[in-house]
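Undergrad: Quick one, structure for this:
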Amino acid sequence: MNKDTKIENYHGKGFLIDIADVEVLSHFIIQGFEQNNAQQKNRTFEYIYNQLLWNREGFQYDTTDITLEKIVETDDIDLMVKILIQTKNIIEKQGEIITTDFINSLNQFRGKDEQWNWSKPIYTSSFIKILDIMILMLKGEWQETDKRIWLKGHAPEGVEEI
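TA: As a prediction, this is how the structure comes out:
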């Protein structure tokens, strides 16, 4: 699972995260998009929504991303922040963890060659922190470049996790 992708916005600011983590996170952001009917707002949001679908389906395994750098208009930034806040609420409803059964149930969206077999849950607090970073990025307040983010319980021994 330890293949990284970069979530990036302006001037190369961003962080690195496991591709599989982005694929699961994309499932929840899709729900935030759909609650706001944002996938139809404009071409940028339509493009990002399609990226999220491809991420969840595992079709973009070597190029998984979420293109926050394309969101530049104030109204679009505000809507994306709203979507990410709603996504946090959706994730919080999972409880303390997103279970392996739930994660593996997302195989219904994946091709037979792209099936997950997760053995560790994801702490919802880790995804909440990632969404908080994405909000900071949209607001231009994230200053890190290429910081590697490890989810709680998924980091190699002795490595910082969130």
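Undergrad: residues near residue 85, how many?
TA: Residues lying near residue 85 (other C-beta atoms under 10 Å) number 13. (Each C-beta comes from the backbone N, C-alpha and C, glycine too.)
Undergrad: Which stretches in this structure count as helices?
TA: Using DSSP state H, the helices of the chain run over 19-35, 43-57, 74-92, 100-105, 124-138.
Undergrad: Adding distance to residue 118 and mean pLDDT, write these out as TSV.
TA: What follows is the helices of the chain, written out as TSV (distance: least, C-beta to C-beta, whole Å; pLDDT from 0 to 100):
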stretch	distance to residue 118	mean pLDDT
helix 19-35	8	94
helix 43-57	14	92
helix 74-92	16	97
helix 100-105	4	96
helix 124-138	14	96
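Undergrad: Redo the ones you listed as JSON lines? Include distance to residue 151.
TA: Output for those, formatted as JSON lines (distance: least, C-beta to C-beta, whole Å):
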{"stretch": "helix 19-35", "distance to residue 151": "6"}
{"stretch": "helix 43-57", "distance to residue 151": "16"}
{"stretch": "helix 74-92", "distance to residue 151": "12"}
{"stretch": "helix 100-105", "distance to residue 151": "12"}
{"stretch": "helix 124-138", "distance to residue 151": "4"}
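Undergrad: nearest to residue 11, of these?
TA: Evaluated over the helices of the chain, closeness to residue 11 peaks at helix 124-138, with 10.7 Å, by C-beta to C-beta.
Undergrad: got a list of contacts for that closest one?
TA: Applying C-beta atoms under 8 Å, 6 or more residues apart in numbering, the contact partners of helix 124-138 are 7, 9, 13-15, 17, 21, 25, 28, 66, 68, 71, 77, 80-81, 84-85, 87-88, 91-92, 94-98, 142, 149, 151-152, 161-162.
Undergrad: among the residues you listed, which ones are buried?
TA: 7, 9, 13-15, 17, 21, 25, 28, 66, 68, 71, 77, 80-81, 84, 87-88, 91, 94, 97-98, 142, 149, 151-152, 162 (16 or more other C-beta atoms under 10 Å).
Undergrad: Show me how far stretch 18-31 is from its chain's centre.
TA: 4 Å (C-alpha atoms, centre = their mean, to the nearest Å).
Undergrad: No further questions, thank you.
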